[in-house]
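Asker: build me a structure from this.
(2 chains)
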There are 2 protein chains.
Amino acid sequence: MGYTYAIGIDIGGTNTDIGLVRSDGSCLARTNLPTQSFRSIEAYADALAEEIRKLLSDKKITAVEGVGIGAPNGNYYTGTIDYAPNLPFKGRLFLQEMVSSRLNVKVVLTNDANAAAFGEKVYGGARDLSDFILITLGTGVGSGIFVNGQMVYGHDGFAGELGHATLYPDGRLCSCGRRGCLEQYASARGIVQTYKLICEETGLAPAEVTCRDLTQMADSGDEVARETWRRTARCLGIALSNAVCFSSPQAIFLMGGPVKAGHWLIDPLQEFFEEALLPIYKGKTKILRSQLPENDAAVLGAAALVY
Amino acid sequence: MGYTYAIGIDIGGTNTDIGLVRSDGSCLARTNLPTQSFRSIEAYADALAEEIRKLLSDKKITAVEGVGIGAPNGNYYTGTIDYAPNLPFKGRLFLQEMVSSRLNVKVVLTNDANAAAFGEKVYGGARDLSDFILITLGTGVGSGIFVNGQMVYGHDGFAGELGHATLYPDGRLCSCGRRGCLEQYASARGIVQTYKLICEETGLAPAEVTCRDLTQMADSGDEVARETWRRTARCLGIALSNAVCFSSPQAIFLMGGPVKAGHWLIDPLQEFFEEALLPIYKGKTKILRSQLPENDAAVLGAAALVY
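Answerer: Model (predicted):
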């Protein structure tokens, strides 16, 4: 009774997830498309529209508030996806307009980390917070920032790239061409690189591992894996303490694969973060895991854009 | 005709400047008090009220919109000055209330760098900007940040301490007890320390110098002084490029003594800043000198708080 509905679309390089979300934050139905299988953005937009129509008719829903899209390099102001390296479609994509014209509904598009922050604000742990930051850890490191109760887009729609804030001015080379970005230390790949580095330092032959392996290894008592999480926590702790200098948020939420390391990451992170904070900030900003259901987080975030 | 008036107070460790500011941004009269000569915050507040009454009666002005106060460790939310190390008065000072009750006018208090940013927004180069950052270089490094047309105070009123964002995680020890803060590289003292370091590296005996000396030395062809400004510019360039990752502002304004180095600082800063920016930000954010008249900047900023 009194519910409204929205569609949330999370565009990834491999899969595109589409969900039908009720206004109370429950995801009523899900489907997905293999992003890489489309030869053109037009064919992709056609397929998105078709899947959305199917979801709605399956659930006998005749009206939605709108469609929210979270996409890599998505820009809220222009409704475009600009030169996303992991997508099969090149250049600047006017996807907001394409989906809107095919379905005759409001479409809101932004980058995936901003969408996740909207999800946390509308359906998750940030419902009552005016100032918070959400960090996504995964292939890359993304962020969405709320200040004074509003998303920080910046003058051009590209604000909130904390994964590319410089942590070590002469540090690891990043895929963006610069050095020492947080992403090179806190992304899945960066964490594995830290593991290999510790193996080298200690004269051990490094195994081929993933972040999931490193968690299991830490559970089983592997000291190199535990030290890997500690060093990751130190990098994140310093980076997040810098973010506090900017906006002094009530909380910082973490989301994504590496967060599944649980206490191996979170406990030392709390410690390094508090240690790294300027005295006036100590004991005030909470570090929390995202409070969205893990499997629906991205789709919920995209749907939240509509509200 | 149609002008209104405000009082701006800039509290420093040595001097307190008080100005009568007209709504068009002209400072009609100025006076000052020696901050260190007062034994108690009550006596200081009495003297402030007395000086303000004198200014107004001298200019035959009977009503003001309010009094704005910029102070080290000033907090907008609480109207207090909290444990400012450079002031003779200790603890938490309820100065907003003290001045308000003595004069029966609205009093707004915030930290000095935030006040300067308000000045730039109301009377200076940021009049038409919704997203900008102002950096004050001096004894310390302060900042005031506007996002979506609003000052960023954070949840506790202490946001915008970019001088204490960590630039080098294992770098110079800062007065805040942490390491590698921007302030240790871009404050007047930090710049002189960089000069001494370069002297050591090159086997020269360092002279006792100030930032002003370093500018004159650079003018006269001194390569160590020029290299000092270049290194300072590199540190600032990296730090400011990190700030862009946060809020993607239209412009960053610089204010304070070291900015008088002019092109010795600004030219390499532009270069290092552009080089350090993430590609999506390149060529978009301007680095500018504050466009407030230098001698009145702090008082104008404080008065701008009222508007």
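Asker: can you give me the strands in chain A?
Answerer: Applying DSSP state E to chain A gives strands spanning A:5-11, A:15-22, A:27-34, A:67-71, A:74-75, A:80-82, A:92-93, A:107-111, A:132-137, A:141-147, A:150-151, A:251-255, A:286-289.
Asker: take the ones you listed and write them to JSON lines, including distance to B:Asn295 and mean pLDDT.
Answerer: For every residue, glycine as well, the C-beta is placed using N, CA and C. Listed next are the strands of chain A as JSON lines, based on distance: least, Cβ to Cβ, whole Å; pLDDT from 0 to 100:
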{"stretch": "strand A:5-11", "distance to B:Asn295": "54", "mean pLDDT": "97"}
{"stretch": "strand A:15-22", "distance to B:Asn295": "57", "mean pLDDT": "96"}
{"stretch": "strand A:27-34", "distance to B:Asn295": "61", "mean pLDDT": "96"}
{"stretch": "strand A:67-71", "distance to B:Asn295": "50", "mean pLDDT": "97"}
{"stretch": "strand A:74-75", "distance to B:Asn295": "42", "mean pLDDT": "94"}
{"stretch": "strand A:80-82", "distance to B:Asn295": "45", "mean pLDDT": "94"}
{"stretch": "strand A:92-93", "distance to B:Asn295": "48", "mean pLDDT": "96"}
{"stretch": "strand A:107-111", "distance to B:Asn295": "44", "mean pLDDT": "96"}
{"stretch": "strand A:132-137", "distance to B:Asn295": "39", "mean pLDDT": "97"}
{"stretch": "strand A:141-147", "distance to B:Asn295": "32", "mean pLDDT": "97"}
{"stretch": "strand A:150-151", "distance to B:Asn295": "36", "mean pLDDT": "97"}
{"stretch": "strand A:251-255", "distance to B:Asn295": "41", "mean pLDDT": "97"}
{"stretch": "strand A:286-289", "distance to B:Asn295": "44", "mean pLDDT": "97"}
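Asker: so can I have TSV of the ones you listed showing distance to A:Leu277?
Answerer: TSV is the format used below for the strands of chain A (distance: least, Cβ to Cβ, whole Å):
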stretch	distance to A:Leu277
strand A:5-11	33
strand A:15-22	36
strand A:27-34	36
strand A:67-71	30
strand A:74-75	32
strand A:80-82	35
strand A:92-93	40
strand A:107-111	27
strand A:132-137	14
strand A:141-147	18
strand A:150-151	24
strand A:251-255	11
strand A:286-289	11
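Asker: save these as a markdown table, and put in distance to B:Lys121 and mean neighbour count too.
Answerer: Output for the strands of chain A, formatted as a markdown table (distance: least, Cβ to Cβ, whole Å; neighbours: other Cβ atoms under 10 Å in any protein chain shown):
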| stretch | distance to B:Lys121 | mean neighbour count |
| --- | --- | --- |
| strand A:5-11 | 36 | 26 |
| strand A:15-22 | 39 | 22 |
| strand A:27-34 | 43 | 15 |
| strand A:67-71 | 32 | 28 |
| strand A:74-75 | 26 | 25 |
| strand A:80-82 | 30 | 20 |
| strand A:92-93 | 33 | 19 |
| strand A:107-111 | 27 | 26 |
| strand A:132-137 | 24 | 28 |
| strand A:141-147 | 16 | 28 |
| strand A:150-151 | 17 | 18 |
| strand A:251-255 | 28 | 24 |
| strand A:286-289 | 31 | 16 |
